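A.B. asks: pasting a predicted model and its sequence here:
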Amino acid sequence: MRTHLTLAGLVAALVIPVAAGAQSYTVGRGVVVEEDAPLITVERRPEFREYVVREHVPNYVIPDRVVVGTVLPESGVTYYDVPQRFGATPYRYTVVNGETVLVEPRSRRIIQVVE
């Protein structure tokens with residue numbers, strides 16, 4: 001009986017963190033990204049960038065590098081909804097320092113640089 005409990009405890013210790021990790025992961029500067037929240041896929045990125053250019057989205061300049069985890073300023077940046085054809089996502093997009101980025105709207109953190 002003791003062996004079964006120990007084995008069950010070991011299995012639980014290994015499985016539970018893996019299951020929890022399947023829902024989210026951390027990227028630069030402690031930013032947690034939900035895996036279930038879709039980003040712009042590699043295949044759709046060229047089309048998405050073309051869409052952003054056609055929309056004449058203004059470019060905002062910030063002194064920081066544009067990388068995942070960067071928090072954008074509270075004012076001066078406008079965020080736009082991602083069209084459904086690129087996938088349903090809770091994120092918004094904008095252009096910063098010439099880079100199209102997806103941003104988590106509440107925290108204003110860059111979630112993806114659409115290269």
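C.D. replies: Now that the structure is in, tell me what you want to look at.
A.B. asks: only C-alpha atoms for contact and neighbour calcs from this point on.
C.D. replies: Will do.
A.B. asks: which SSE is V101 in?
C.D. replies: Using DSSP states H and E, V101 maps to strand 99-104.
A.B. asks: can you pull out the residues in contact with whatever helix or strand comes next after that strand?
C.D. replies: Where DSSP H and E defines the elements, the next helix or strand beyond strand 99-104 is strand 109-113. Residues outside strand 109-113 that contact it (Cα atoms under 8 Å, 6 or more residues apart in numbering): 31, 33, 39, 66-72, 99-104.
A.B. asks: of those, buried ones?
C.D. replies: Among those, those buried by neighbour count (16 or more other Cα atoms under 10 Å) are 31, 33, 39, 66, 68-72, 99-104.
A.B. asks: for those residues, which one is nearest F48?
C.D. replies: The shortest approach to F48 among these belongs to T100, at 9.1 Å (Cα to Cα).
A.B. asks: how near is that closest one to L72?
C.D. replies: 13 Å (Cα to Cα, to the nearest Å).
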